[in-house]
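Novice: The amino acid sequence is not available; the structure is as follows:
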């Protein structure tokens, strides 16, 4: 039988153990509440993997024949490596056509230069004719001025003679009335007065005729000079138009000559080079033989050595307000069991500002190399981590959300 004093000590020990376990539980709980984090996420169920640098397909530029194939399927090629040497029948025909067009343009250029030379010669002739007409007008005008001065003196002399003869006729008439002179003398004096008056009127008429001739000279000169100006202006416009046409012909001829040089090189040997680094995964004549390939036929497919991918995910409209640039994303691919292979991690780099085809989407850039091979077109789902909370903070947030919901109700 146990002594009575042992039982209180055992009970006291059990109490100590229980208190220690309780304290440890409380410390562990507090640590979990403060250290354990919970993610608040936006879930999505629709998304797809896309390639940033997809495969490159090389096509035939025109109807061609393949003369040489300098690569094989599976070869690693670098940008600029020669893959094919082609023979381009279409370019040969174009080259001959271009040569014919060059001949036509050369003949057209010769004709245009001759026409321009003729127009410039006619322009010089018209300018010389205008100078001659101006010189002739100046000479005729000067001669007319001299004749007018001479006739002016003759008119003044005739007027004086007319005045004298008229005065003599009046005097003789008065003397005849007084019978101081004979009738024959009075008649003779009157006849001389009429002759002098006629000479004066004839001289005046000649003077007025010369003045009218001077006005006619000026009018004729102005009309001829105006007609020559019109002809020269029209000819200048024709010369400018011909010069522009000549420049166009020369420019077109230079272009055709350059095209002929390029086409002449390409007709001899049309080289197809690799547009990027990568591996050839499909090649012409590996499975087919053809004498002539039509335009835009595939020659080779080059896959990049290291293909880069990004994800495009479709979001529900109600969740779009919580998504921001730089948020972490967990992508779960349908092609891989994510509990076994894990999720692919990424980061939001773009959020669509408006709906596209009645859908909102984001672009996710993958961070870090994936643990399994990816292919463009893989479907996916996952979540966007919008906020990280401690367990305690998450519980407090949910509590306040419940209180806020209760107050609104």
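Specialist: Noted; the coordinates are in hand. Values in this document were obtained by computation on a predicted structure and should not be read as measured data.

Novice: Could you use CA atoms for every contact and neighbour count after this?
Specialist: OK.

Novice: Okay, and the beta partners of residue 347?
Specialist: residue 328, residue 365 (DSSP bridges).

Novice: pretty sure it contacts residue 329?
Specialist: Yes. Here residue 347 reaches residue 329: they are 5.5 Å apart, a contact under CA atoms under 8 Å.

Novice: Skipping its backbone neighbours, what lies nearest residue 354 in space?
Specialist: residue 360 (6.8 Å; CA to CA, 6 or more residues apart in numbering).

Novice: can you give me phi and psi for the one you found?
Specialist: phi -100, psi 140 (degrees, to the nearest 10).

Novice: Please apply the same query to residue 368.
Specialist: Note on residue 368: backbone dihedrals following degrees, to the nearest 10 are phi 80, psi 160.

Novice: picking up where we left off before, mind listing what the residue nearest to residue 354 touches?
Specialist: With contact set as CA atoms under 8 Å, 6 or more residues apart in numbering, residue 360 has these partners: 314, 315, 316, 317, 320, 352, 354.

Novice: go again using 7 Å as the cut-off
Specialist: Under the criterion of CA atoms under 7 Å, 6 or more residues apart in numbering, the neighbours of residue 360 are 314, 315, 317, 352, 354.

Novice: again with residue 365
Specialist: So residue 365 contacts 310, 311, 346, 347, 348, 349 (CA under 7 Å, 6+ apart).

Novice: For PyMOL, write a command that selects the buried ones of the residues you listed.
Specialist: Applying 16 or more other CA atoms under 10 Å to those, the buried members can be selected in PyMOL as follows:
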select buried, resi 310+311+346+347+348
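
Novice: Which of the contacts of residue 365 sits closest to residue 104?
Specialist: Nearest to residue 104 among the contacts of residue 365, counting by CA to CA, is residue 310 at 56.6 Å.

Novice: The closest one pairs with what?
Specialist: Taking DSSP bridges as the rule, residue 310 bridges to residue 50, residue 365.

Novice: Model confidence score at it, please.
Specialist: Residue 310 is assigned 88 on the pLDDT scale.

Novice: and what of residue 39?
Specialist: Residue 39 carries a pLDDT value of 68.

Novice: now the helices: where do they sit in this protein?
Specialist: With DSSP state H, the ranges of helices along the chain come out as 6-35, 89-177, 183-268, 338-341, 391-408.

Novice: got TSV for the ones you listed, with mean pLDDT too?
Specialist: Listed next are these as TSV, based on pLDDT from 0 to 100:
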stretch	mean pLDDT
helix 6-35	68
helix 89-177	84
helix 183-268	83
helix 338-341	76
helix 391-408	55
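
Novice: Can you say which of these is nearest to residue 67?
Specialist: Here helix 183-268 is closest among those (CA to CA), at 11.1 Å.

Novice: who does the closest one touch, helix- and strand-wise?
Specialist: Using 3 or more CA pairs under 7 Å, 6 or more residues apart in numbering; DSSP states H and E, the elements in contact with helix 183-268 are helix 89-177.

Novice: just checking, what packs against the helix it packs on?
Specialist: Short answer (3+ CA pairs under 7 Å, 6+ apart): helix 89-177 packs on helix 183-268.

Novice: so how far is the helix it packs on off the chain centroid?
Specialist: Distance, stretch centre to chain centre, for helix 183-268: 48 Å (CA atoms, centre = their mean, to the nearest Å).

Novice: Check stretch 325-342 too.
Specialist: Its chain's average C-alpha position is 46 Å from that of stretch 325-342, according to CA atoms, centre = their mean.

Novice: which parts of it are buried?
Specialist: Buried-residue list, stretch 325-342, by 16+ other CA under 10 Å: 328, 329, 330, 331, 332, 333, 342.

Novice: Let me know the closest of these to residue 303.
Specialist: residue 333 (22.8 Å).

Novice: Residue 57 reaches residue 303, doesn't it?
Specialist: No. Judged on CA atoms under 7 Å, residue 57 makes no contact with residue 303 at a distance of 8.8 Å.

Novice: Name the residue in the two with the higher neighbour count.
Specialist: Taking other CA atoms under 10 Å, residue 57 and residue 303 do not tie; residue 303 has more neighbours (21 against 16).

Novice: OK, contacts around the closest residue to that one other than its chain neighbours?
Specialist: Once flanking residues are discounted, residue 303 sits nearest to residue 55: 4.6 Å by CA to CA, 6+ apart. For residue 55, the contact set (CA under 7 Å, 6+ apart) comprises 301, 302, 303, 304.

Novice: out of the contacts of residue 360, which is most surrounded?
Specialist: That'd be residue 315 among the contacts of residue 360, by other CA under 10 Å, with 21 neighbours.

Novice: Please list all residues in contact with it.
Specialist: Applying CA under 7 Å, 6+ apart to residue 315 gives the contacts 44, 360, 361.

Novice: quick one on the thing from earlier: can you tell me which of the contacts of residue 365 is nearest residue 151?
Specialist: Using CA to CA, residue 349 comes nearest to residue 151 of the contacts of residue 365, at 106.7 Å.

Novice: so what pLDDT did the closest one get?
Specialist: If you check residue 349, the pLDDT there is 89.

Novice: Go ahead and confirm it touches residue 327.
Specialist: No. Using CA under 7 Å, residue 349 is not in contact with residue 327, being 8.4 Å away.

Novice: What lies in contact with stretch 76-96?
Specialist: Applying CA under 7 Å, 6+ apart, the contact partners of stretch 76-96 are 63-71, 260, 263-264, 267, 269-280.

Novice: List only those of those flagged as buried.
Specialist: 63-66, 69, 71, 260, 263-264, 267, 270, 272-280.

Novice: Looking at those residues, which are in strands?
Specialist: Among the buried ones among the contacts of stretch 76-96, the subset assigned to strands under DSSP state E consists of 64, 65, 66, 69, 270, 272, 273, 278, 279, 280.

Novice: Which of these sits closest to residue 128?
Specialist: Closest approach between those and residue 128, by CA to CA: residue 270, at 59.7 Å.

Novice: what about the closest one, distance to residue 323?
Specialist: 53 Å (CA to CA, to the nearest Å).

Novice: Residue 176 now?
Specialist: To residue 323, residue 176 is 142 Å away according to CA to CA.
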